[in-house]
Every structure is written in structure tokens, then in C-alpha cells.
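Peer 1: Compute the structure for the input listed below.
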Amino acid sequence: MNGVPAQRSGPQDAAATRDDLTVVVLSPTDPMSRGQLRRMAELAREEGMRVRWEEARGGLTAQLRTIGGLSGLLRRADRIVIGDPFSRYVQLLLTVARARDLVVVDDGTATMEFVAQLGSGERLVRWHRRGSRVGARDLLFAPFAASARRRLTPSRGRTVEVFSAMPVQAPEAVTVTPNTFGWTRARFGPPRITKGADIVGTSLVETGVVDPDRYQEAVAALARTHGATRYFAHRRESPEKLRTLHLRTGLEIVRPDLPLELIARRGPVGRTILSFPSTVVHTLPPALAGTGVRLLVCDIDPGWLTDKASPRAQGFLADVTGSARTAHGLRMVAA
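Peer 2: Numbers count the residues shown, from 1 in each chain. Here you go, the predicted model:
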């Protein structure tokens, strides 16, 4: 939603776009994600959009009800905008769609992997699961995943666009539109800048990529070295991990009710922000452009990875930080 309003060409065009636009939220079960989506839904309504909230993950009955309720809407739509092409739910709904225009709007690091897999013809698999054993559920869902992948591939009579702040090298037939966060800057801020430093949390522990003890050691080292006082938690970080982190480091744990780009623009925010390889190393620079806030990146040491980490993990995370250094001139720091 961050970038959509920024593409308006005038008030009349914006009104026409709003009248034809329905935002469908496939509500997750995680409380923090639900809370952020509720707040984003409020912002969408303030922008004049219709929002349809679907309790889609309450078992088979809820899934069938959601799919049945959305089928007509999906079949009639000329353009469909999706937020997560790796979501099995989204892939299942795409098999119903007949739209000629598909747009993927995602500022996550997974967008880089999605575009790469689309170009190489691979099956769509989240980067931290690359190399993992294919399970029974994967095999059962394979026909739907293959169908969704075909629909996400440009063809005669169907266009595919990727709208993202992430650096992507898309196949020739895929249109890439950069998200410059124009709406975010116009809607929020400029923020009040504090003298201290803030640390941005990551869910790399929760996804099984990074060892929890090594992660907490790194956060503690960054806090000591840079005088950080606050830790902005990722929405998927566990309460137990955050409690331990607070006791170990003394950092104030902040659980944002909006995506960090909006929180940072609203302020207050530290003059220095420290982050591990994640989405924010590409989204915060344009969101905070002109504010004087400095973003530093701490790369993931190979020794922090767990035995369960995908063979692709280290290279992928290095690509995220390397591309941020190239695109935004970010400086690397060690924990």
C-alpha cells in the first residue's frame, strides 16, 4: 500500500482508481501481524479504498468459505495485485483468477528470490527453505503451485509487473516499477531525530537460519558499541526471545503497530539505525531520504548459521547487504 497512492496523476484519476479497487486482507493468525494489518487497513480506508477483511486461516471450513466468497471477485477483476507470491493461499486463489494484468507488490527480501526463480523457471520456494526436503504437503500442493507459477509468468494477453523497493533483475517480459516511498514521505514526518541509536530486529532466528545465542550476542555487542537504547522487534519475533534480549542487553523492546518505514517517518527515531540483512536495508533509505538518519548494516557471520539453515542462506543474505551497499552507499559494521 505504501506506493500505490504515489502513482496518482491527479484527483480525478485517483477517485476512479479508488472506486474500482478492493483490498482483500487474508488475515494471519499471528497477533502482531494481525495488529499491523488492522492499522494498515485503517490507512487504506482513509485513502478511500474498500477493504475486505477475511478470517481465512481458521481451518478447512474458513478456507473454503474464503475461496468461495472471493471467486466471483477474482474472475471479474482485470488487474490483480498480490503481496506474497510464495503464499500457498495466494497461489491457490490465483488458479481462480482470469485477470490480464498481475502486479506483485512486495518490498520483502523474498522479492529478489521470486524474480530470480521466475526467470530461471524454477518452482517458487522461499529462500530460507531452498534445499530443504520436499514434504507430503508440498507434493499435494504441487499442481496448484505450478498453475500459479504459470499465471505469474508473462504471456500473450497477460502482463506481469513487480512493484518493489528491492533491487531485482527481472526477465525481459516482466515490468519492474521501483517503490520510491513517495506516499510514505508525504503522509508521515519528517520525524524528530534523537541522539541515540536504534537496532532493527529480524526473524532469522524464528525461520531457523541463525542460532539464537549467537544472535543475542551480536545484538548485545552492537548495543554496547553504538550506544543503542531501543530494539524495534520484527513482527514474527517470539515474546520469549524478546524478554531474554531485554534482560541481557537492557534495550527497550518496541513492538511497532505499523511497518517500520512508517514508524521511522513518524518518529522519533535514532540518528543511527543498525540492521542485520533484511528488507529495511533497502526500504529505510528512500523512506528516510533527506532526514540525516544514518543506516548501518551488520552482516551475518557464517558461524551464526544453524545446521538447519538452507545452503542458499549465506549467499542470499550477502546479496541483500551487498546490493544495499551498492544502491544506497550503506556502511558495514561488525558485531
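
Peer 1: Can you get me a residue count around G329?
Peer 2: For G329, the tally of surrounding residues (other CB atoms under 10 Å) stands at 9. The C-beta positions use only the backbone N, C-alpha and C, and glycine is treated the same way.

Peer 1: how far away is it from G292?
Peer 2: Separation of G329 from G292 (CB to CB, to the nearest Å): 14 Å.

Peer 1: Break down the stretch 51-200 of the chain into its strands, ranges please.
Peer 2: Taking DSSP state E, counting those that start in this stretch to define them, one finds strands in the stretch 51-200 of the chain at 79-82, 101-105, 159-164, 175-178, 193-200.

Peer 1: How about the contacts made by F188?
Peer 2: Counting by CB atoms under 8 Å, 6 or more residues apart in numbering, F188 touches L262, R265, R266.

Peer 1: Tally up the residues packed near the closest residue to it other than its chain neighbours, please.
Peer 2: What sits nearest to F188 in space, not counting adjacent residues and going by CB to CB, 6 or more residues apart in numbering, is R265, at 3.7 Å. R265: 22 surrounding residues under other CB under 10 Å.

Peer 1: Contacts only, for R265.
Peer 2: Contacts for R265 (CB under 8 Å, 6+ apart) come out as T184, R185, R187, F188, G189, P190, P191, A287, L288.

Peer 1: now with 6 Å?
Peer 2: With contact set as CB atoms under 6 Å, 6 or more residues apart in numbering, R265 has these partners: T184, F188, G189, P191, A287.

Peer 1: Neighbour-wise, give me the winner out of these.
Peer 2: Using other CB under 10 Å as the neighbour criterion, A287 leads those with 28 neighbours.

Peer 1: What ranges in the stretch 1-150 of the chain fall below the confidence cut-off?
Peer 2: Filtered on pLDDT under 70, the stretch 1-150 of the chain yields the residue ranges 1-19, 127-138.

Peer 1: Tell me which stretches of it form helices.
Peer 2: Counting by DSSP state H, counting those that start in this stretch, the stretch 1-150 of the chain has helices at residues 11-19, 31-46, 60-76, 88-94, 110-120, 136-151.

Peer 1: could you give the angle of the last one to helix 110-120?
Peer 2: Here helix 136-151 points in a direction 70 degrees away from that of helix 110-120 (axes from the mean of the first three to the mean of the last three CA atoms, to 10 degrees).

Peer 1: Make 2 the starting number, not 1.
Peer 2: From this message on, residue numbering opens at 2, which makes the last subject helix 137-152.

Peer 1: Centroid-nearest residue for this protein?
Peer 2: Centre of the chain computed as the mean C-alpha position; nearest residue by CA atoms, centre = their mean is G109, 3.2 Å away.

Peer 1: Does that one touch V281 like I think?
Peer 2: No - the pair G109 / V281 is not scored as a contact, 10.3 Å apart, by CB atoms under 6 Å.
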